[in-house]
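whatever this is, show me its structure:
(chains A and B)
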Amino acid sequence: QKEVEQNSGPLSVPEGAIASLNCTYSDRGSQSFFWYRQYSGKSPELIMSIYSNGDKEDGRFTAQLNKASQYVSLLIRDSQPSDSATYLCAVRVYGGSQGNLIFGKGTKLSVKP
Amino acid sequence: DGGITQSPKYLFRKEGQNVTLSCEQNLNHDAMYWYRQDPGQGLRLIYYSQIVNDFQKGDIAEGYSVSREKKESFPLTVTSAQKNPTAFYLCASSPAGLGGETQYFGPGTRLLVL
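So this is what the prediction gives:
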């Protein structure tokens, strides 16, 4: 069974700090990686996608991918209370019914003013 | 405005009743997906469709059925065979079936059992 693992949290950081969210995945063949943000009671919204090893930056968000270690992370700089949400890591795997996104259970982030 | 719409926002099901959740997209996306989310759980794939008139079972298809008669529409029926239907149901679409394309989500339907 192909899996995506995340620390469920909650992860609590003070306003202005860097929040670091981590995700590991089991399928070495995975090629595409996504971070979604989900506010309570709402649907997931895409924050970042990353396909190559290294860092990808978009505003206050940086996604980091290390395929050798099967590890992807999301850094949020200058965290704001509005960043408080659950962050879902998703990995695209290939083959059969698994040819779609596999989601982790999410990490709940709380940014304290 | 382009996007994905789901209706209703809340749906109540009585014992033994089939109910249908609507999902419509005007993004001209080829692929559409249905997920179920339970509290504290990740999203689990119910069904997906890469083209019109074709769909595949996901990991938890038992008790559910779908149709894909139009590119824009992918309704999900929760049948009476689904014994624990209470969950948040999410529809998504992507511009290609397989590959590195991103899935975009509708607002969701929350199903509750009376």
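
for residue 16, which residues are in contact?
Using chain A. Counting by CB atoms under 8 Å, 6 or more residues apart in numbering or on different chains, residue A:16 makes contact with A:78, A:79. Placement of C-beta: from N, CA and C, glycine included.

could you do chain B instead?
residue B:80.

give the buried residues for stretch B:10-22.
For stretch B:10-22, a neighbour-count test (16 or more other CB atoms under 10 Å in any protein chain shown) marks B:11, B:13, B:19, B:21, B:22 as buried.

what segments of the chain are strands?
Just so you know, I chose chain A. A:4-6, A:11-14, A:19-25, A:32-38, A:45-50, A:54-58, A:61-66, A:71-76, A:85-92, A:101-103, A:107-112 (DSSP state E).

that was the other one, I meant chain B.
Along chain B, the stretches classed as strands by DSSP E are B:4-7, B:10-13, B:19-25, B:31-37, B:43-51, B:54-57, B:64-66, B:76-78, B:87-94, B:104-105, B:109-113.

ok, which pair from the buried residues of stretch B:10-22 is furthest apart?
Farthest pair in the buried residues of stretch B:10-22 (CB to CB) is B:13 and B:22. Separation: 14.8 Å.

let me see the contact set for the residue lying closest to residue A:13 once chain neighbours are set aside.
Leaving aside its sequence neighbours, residue A:13 sits nearest to residue A:19 (CB to CB, 6 or more residues apart in numbering or on different chains; 4.8 Å). By CB under 8 Å, 6+ apart, residue A:19 lies in contact with A:11, A:13, A:75, A:76, A:79, A:83, A:109, A:111.

for these, work out which two are farthest apart.
A:75 and A:111 (13.6 Å).

between these two, who's got more neighbours?
residue A:111 (20 against 16; other CB atoms under 10 Å in any protein chain shown).

up against chain A, what does chain B have?
Taking CB under 8 Å from any CB of the partner chain as the contact definition, chain B meets chain A at B:33, B:35, B:40-43, B:45, B:48, B:56-59, B:90, B:97-100, B:102-108.
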